[in-house]
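# Model the following, please.
(one chain, ligands or ions: 1)
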Amino acid sequence: MGAGYDLELVNLTKKYGDTLAVDSINYQFKAGSYVCLLGPSGCGKSSTLRMIAGHESVTDGSVVLDGFDVSYLPPAKRGTAMMFQSYALFPHLNVRDNVAFSLRMKGVDKQARHAKANEMLELVDMTQYADRFPAQLSGGQQQRVALARALVTQPKVLLLDEPLSALDPFLRIKMRTELKRLQRELGITFIHVTHGQDEALALGDELVVMNNSVIEQSGAARDVWAAPKTEFVAKFMGGHNVITFDGGKVALRADAVELSDTGLPATVTAVEYQGGHVALTTATTAGEEVLALVPEATFFQSPKNPGDAVKLAWDEGRLHRLQS
Ligand code: ADP
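Numbering: from 1, shown residues only. Modelled structure (predicted):
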């Protein structure tokens with residue numbers, strides 16, 4: 001399938017009546033990358049994705065794919081494909097015919113479309129279920145069929161709207177590995193909307209964090225996590241404290257906070273065992289909350305309980321100034 005295409009959003013805007021859902025965003029998606037679009041509910045993620053797909057009209061600005069403005073093309077003519085949250089399979093068609101459906105609409109003959117559908121089912125490891133109906137499949141299997149059905153059109157960009165949210169936690173992690181493998185194998189761009197930070201970090205080469213209808217920060221997943229620009233991103237990505245230091249706001253990674261003999265006095269307010277580490281929530285005398293992620297072996301050498309007095313220390317080099 002084709003690689004090397006670039007998707008660009010230019011001043012892309014969506015209004016629903018008086019509601020500004022997407023406010024003139026600009027972004028260039030690197031060809032062949034796995035991009036996670038994340039942010040809190042209502043920040044404009046789905047509207048952005050649906051405008052790229054052509055399932056929602058553009059109020060202003062444009063969607064440019066491979067140098068062509070596709071903003072006014074119907075979904076099937078854009079070179080994108082969308083996998084929906086509800087898999088929306090046709091209940092009366094078997095798996096193979098579900099996958100082949102868009103080819104049938106295009107007038108591809110039966111033999112050719114079945115061959116192509118079989119190839120896609122092989123790709124998502126569903127060959128043995130080709131003759132079953134959707135009702136005879138588990139949620140995870142239906143999702144694989146939905147993926148095969150989206151990929152059969154050979155899109156340059158695959159759009160996924162919270163594709164894992166309906167799955168149980170075990171299956172979610174399994175499918176996330178599958179999605180990553182598929183993206184690598186196909187070499188096309190995947191744009192995956194999620195509100196989960198873990199999911200975005202696990203999958204995204206690149207993260208685009210939205211808030212209040214705009215892109216708040218974007219970049220390589222590790223850069224966004226390690227160097228949040230704003231208080232919102234630091235808090236939303238998790239694992240960071242936002243504290244006052246030298247009259248300004250700074251982010252401090254929770255795993256950079258240590259308990260020591262000297263340091264900032266604080267009182268433990270909550271202790272949560274999380275397996276590899278223990279999350280210790282504390283309150284400083286200034287009334288700020290500071291979270292320390294302490295390796296579990298270290299913690300259990302000298303366990304703490306709510307109400308205990310502790311001293312917090314960190315390397316000043318770990319403080320990261322935020323834009324006000
Ligand atoms: P997200 O995917 O981040 O949850 P959405 O793009 O779904 O955000 O929504 C962004 C904003 O647009 C929200 O305020 C939402 O209520 C509003 N919105 C979304 N779809 C519609 C619609 N069809 N009609 C009116 N308002 C909508």
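
# And the contacts of the one helix or strand Asp198 maps to?
In the assignment (DSSP states H and E), Asp198 maps to helix 197-203. Residues from elsewhere that reach helix 197-203 (CB atoms under 8 Å, 6 or more residues apart in numbering): 34, 36, 38, 164, 172, 176, 179-180, 192, 194, 207, 221, 225, 236-238. From N, CA and C alone the C-beta is placed, and that goes for glycine too.

# if you look at those residues, which of them are in helices?
Residues of these located in helices (DSSP state H): 172, 176, 179-180, 221, 225, 236-237.

# Reformat those as a markdown table; add neighbour count.
Listed next are the ones in helices among the contacts of helix 197-203 as a markdown table, based on neighbours: other CB atoms under 10 Å:
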| residue | neighbour count |
| --- | --- |
| Arg172 | 17 |
| Arg176 | 20 |
| Leu179 | 22 |
| Lys180 | 16 |
| Ala221 | 19 |
| Trp225 | 20 |
| Phe236 | 21 |
| Met237 | 21 |
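
# For the closest residue to Ala220 other than its chain neighbours, give me its contacts.
Using CB to CB, 6 or more residues apart in numbering and skipping residues adjacent in sequence, the residue nearest Ala220 is Glu206, 6.1 Å away. For Glu206, the contact set (CB under 8 Å, 6+ apart) comprises 29-30, 33-36, 218-221.

# What of Leu9?
Leu9 neighbours (CB under 8 Å, 6+ apart): 25-28, 48, 52, 61-64.

# quick one: which of those residues is nearest to Asn305?
Taking CB to CB as the measure, Thr48 is the one of the contacts of Leu9 closest to Asn305, at 46.0 Å.

# re earlier: compare the contacts of Glu206 and tell me which has the most neighbours.
Neighbour count (other CB atoms under 10 Å) singles out Cys36 as the most crowded of the contacts of Glu206, with 26 neighbours.

# what residues does the stretch 1-150 of the chain put near the ligand?
Within the stretch 1-150 of the chain, the positions adjacent to the ligand are 16, 19, 21, 39, 41-47 by CB under 6 Å from any ligand atom.

# Where do the helices of the chain begin and end?
Assigned by DSSP H, the helices in the chain fall at 45-53, 95-105, 110-123, 139-151, 169-186, 197-203, 221-226, 231-237, 296-301.

# Including mean pLDDT, could those helices go into a markdown table?
Converted to a markdown table, the helices of the chain look like this (pLDDT from 0 to 100):
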| stretch | mean pLDDT |
| --- | --- |
| helix 45-53 | 97 |
| helix 95-105 | 94 |
| helix 110-123 | 95 |
| helix 139-151 | 91 |
| helix 169-186 | 91 |
| helix 197-203 | 94 |
| helix 221-226 | 93 |
| helix 231-237 | 94 |
| helix 296-301 | 96 |
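
# Which among these is found nearest to Leu322?
Closest approach to Leu322 among those (CB to CB): helix 231-237, 5.4 Å.

# Packing partners of the closest one?
If contacts are counted by 3 or more CB pairs under 8 Å, 6 or more residues apart in numbering; DSSP states H and E, helix 231-237 sits against strand 206-211, strand 214-220, helix 221-226, strand 240-245, strand 248-253.

# For the ligand, find the nearest of these.
Nearest of the helices and strands packed on helix 231-237 to the ligand, taken as CB to the nearest ligand atom: strand 206-211 at 6.6 Å.

# What residues sit buried inside that closest one?
For strand 206-211, a neighbour-count test (16 or more other CB atoms under 10 Å) marks 206-211 as buried.

# Tell me the helices and strands packed up against the longest strand seen in the chain.
Secondary structure of the chain per DSSP state E: the longest strand is strand 258-273. When contacts are defined as 3+ CB pairs under 8 Å, 6+ apart, strand 258-273 packs onto strand 277-284, strand 289-295, strand 309-313.

# can you list the domain ranges for this protein.
With domains defined by automatic domain parsing, the chain comprises 5-226, 239-321.

# which one of those domains has the most crowded surroundings?
Sort the domains of the chain by mean neighbour count, taking mean count of other CB atoms under 10 Å, and domain 5-226 sits at the top with a mean of 18.

# distance between it and the chain's centre?
11 Å (CA atoms, centre = their mean, to the nearest Å).

# follow-up on the earlier one: what would the helices and strands packed on helix 231-237 look like in TSV with distance to Gly317?
Conversion of those to TSV gives the following (distance: least, CB to CB, whole Å):
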stretch	distance to Gly317
strand 206-211	24
strand 214-220	21
helix 221-226	13
strand 240-245	13
strand 248-253	11
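
# any chance of those in JSON lines, plus distance to the ligand?
Formatted as JSON lines, those follow (distance: least, CB to the nearest ligand atom, whole Å):
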{"stretch": "strand 206-211", "distance to the ligand": "7"}
{"stretch": "strand 214-220", "distance to the ligand": "12"}
{"stretch": "helix 221-226", "distance to the ligand": "17"}
{"stretch": "strand 240-245", "distance to the ligand": "22"}
{"stretch": "strand 248-253", "distance to the ligand": "23"}
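
# mind listing which of the residues of the stretch 1-150 of the chain next to the ligand are in strands?
Cross-referencing these against strands under DSSP E gives 16, 19, 21.

# Arg50 is in contact with the last one, correct?
No - taking contacts as CB atoms under 8 Å, Ala21 lies outside contact range of Arg50: 9.9 Å.
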